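A.B. asks: Sequence and computational prediction follow.
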Amino acid sequence: KAGVTQTPRYLIKTRGQQVTLSCSPISGHRSVSWYQQTPGQGLQFLFEYFSETQRNKGNFPGRFSGRQFSNSRSEMNVSTLELGDSALYLCASSPLSSGNLNEQFFGPGTRLTVL
Amino acid sequence: EDQVTQSPEALRLQEGESSSLNCSYTVSGLRGLFWYRQDPGKGPEFLFTLYSAGEEKEKERLKATLTKKESFLHITAPKPEDSATYLCAVHRTSGTYKYIFGTGTRLKVLA
């Protein structure tokens, strides 16, 4: 079974630009969660999508948004990039929504650098 | 406020030198605790799920245990390939989003 894939793997942008990251979950998984990982803060939850609906949202500004398609693939968008947005963005998939106790399967991440 | 704290932040061991990593948690209701391993430049990889105090799980040189306040990841006779960041996460009954991650322990095993 193919794992979680994320594209692109690396991205360099400048302040003020916007970026779109993509995540394809494991086949059959309907839940996709996005996390931001930085050395000082660890994994910070961004949002969760389940069956094309946003189920939960973390404490991030409105510049961060996402969506999920009918095939469970998900995208997240960051507008008006700031230097502090530089991070590893991880996507995790699971068969059920986060309200259920199930392990999450992570993709390799997208390393975003904002100059 | 629910939180997960891991210690130490970083640990250097000689090959064969056993040690333990700690994950302490304060949550209103624990449904499960997860351990993940993360290699540089990669996403976390699932290791264990523990559901209740007293439970233990083993995998090769790793053994995870759980009490009502904390979990330990014991590493017996580590090898250089065990070098990674180890993350723990709790699944709680409260809150809108159920998972809370710790910031991890960076383990370096020297040959």
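C.D. replies: Nice, I can see it.

A.B. asks: List the contacts of the residue nearest in space to the middle of chain A.
C.D. replies: Taking C-alpha atoms, centre = their mean as the criterion, A:Trp34 is the residue nearest the geometric centre of chain A, at 3.0 Å. Applying C-beta atoms under 8 Å, 6 or more residues apart in numbering or on different chains to A:Trp34 gives the contacts A:Cys23, A:Phe45, A:Leu46, A:Phe47, A:Glu48, A:Gly66, A:Ser74, A:Met76, A:Tyr89, A:Leu90, A:Cys91, A:Ala92. C-beta: built from backbone N, CA, C; applies to glycine.

A.B. asks: Give me the pLDDT for the closest residue to A:Val32 other than its chain neighbours.
C.D. replies: Nearest non-adjacent residue to A:Val32, counting by C-beta to C-beta, 6 or more residues apart in numbering or on different chains: A:Ser74, 4.1 Å away. We have a pLDDT of 98 for A:Ser74.

A.B. asks: Ok, the one 5 residues further on next?
C.D. replies: pLDDT for A:Ser79: 95.

A.B. asks: Likewise for A:Val4?
C.D. replies: With respect to pLDDT, A:Val4 has a value of 96.

A.B. asks: burial of A:Leu90, as a residue count?
C.D. replies: Other residues within reach of A:Leu90, judged by other C-beta atoms under 10 Å in any protein chain shown, total 25.

A.B. asks: Fine by me, we can end here.
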